[in-house]
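Engineer: Predicted model follows, preceded by the sequence.
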Amino acid sequence: MANKPDERDQDILLSTAVAAFENLSEDEFGYVYSDFLSMDGDGSGKLSRKEVVDFLVTDSGCSEADVTEYMKQYDKDNDNSITLIEFLMASGYSRTQEMREEIAP
């Protein structure tokens, strides 16, 4: 199990994420990152399908079909988990052109 990043690592993550996403402010990143960490029950730094199910079905009342559609749409690397970048995109934030060129969808 991975540990929560320390304050220095969080600052680096914040500045990197804000630079990589066109419409993401530092405050918004803080809210989204907090949500991501609260969903990441095992601390792996990724949301497993089970963690997504726990949130979307148990906490939000979505169906298993909704989870399947969510994973199909946002799990860009098809590893059956949602990374922070994928979570930011699922939350409506757009990658900068440079980020789109560096990291394939």
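Structural biologist: On my side now, so go ahead.
Engineer: What values do phi and psi take at the closest residue to Ser63 other than its chain neighbours?
Structural biologist: Of all residues not flanking Ser63 in the chain, Val57 sits nearest, at 7.0 Å (C-beta to C-beta, 6 or more residues apart in numbering). Where C-beta positions appear, they are placed from N, C-alpha and C, glycine not excepted. When quoted as degrees, to the nearest 10, the phi and psi of Val57 stand at phi -90, psi -50.
Engineer: I'd guessed Val57 sits against Val67; true?
Structural biologist: Yes - with contacts counted by C-beta atoms under 8 Å, Val57 reaches Val67, the gap being 6.3 Å.
Engineer: Which one's more surrounded, the two?
Structural biologist: Taking other C-beta atoms under 10 Å, Val57 and Val67 do not tie; Val67 has more neighbours (18 against 14).
Engineer: mind listing what the more buried one touches?
Structural biologist: 49, 52-53, 56-57 (C-beta atoms under 8 Å, 6 or more residues apart in numbering).
Engineer: of those residues, closest to Met39?
Structural biologist: Among the contacts of Val67, Val52 lies closest to Met39 (C-beta to C-beta), at 7.5 Å.
Engineer: Just the mean pLDDT for the host helix or strand of the closest one, thanks.
Structural biologist: Using DSSP states H and E, Val52 sits in helix 49-53. Averaging pLDDT along helix 49-53 gives 93.
Engineer: Next, the buried residues of that helix.
Structural biologist: Buried residues in helix 49-53, defined by neighbour count with 16 or more other C-beta atoms under 10 Å: 51-53.
Engineer: quick one: which of those residues is nearest Thr96?
Structural biologist: Val52 (25.8 Å).
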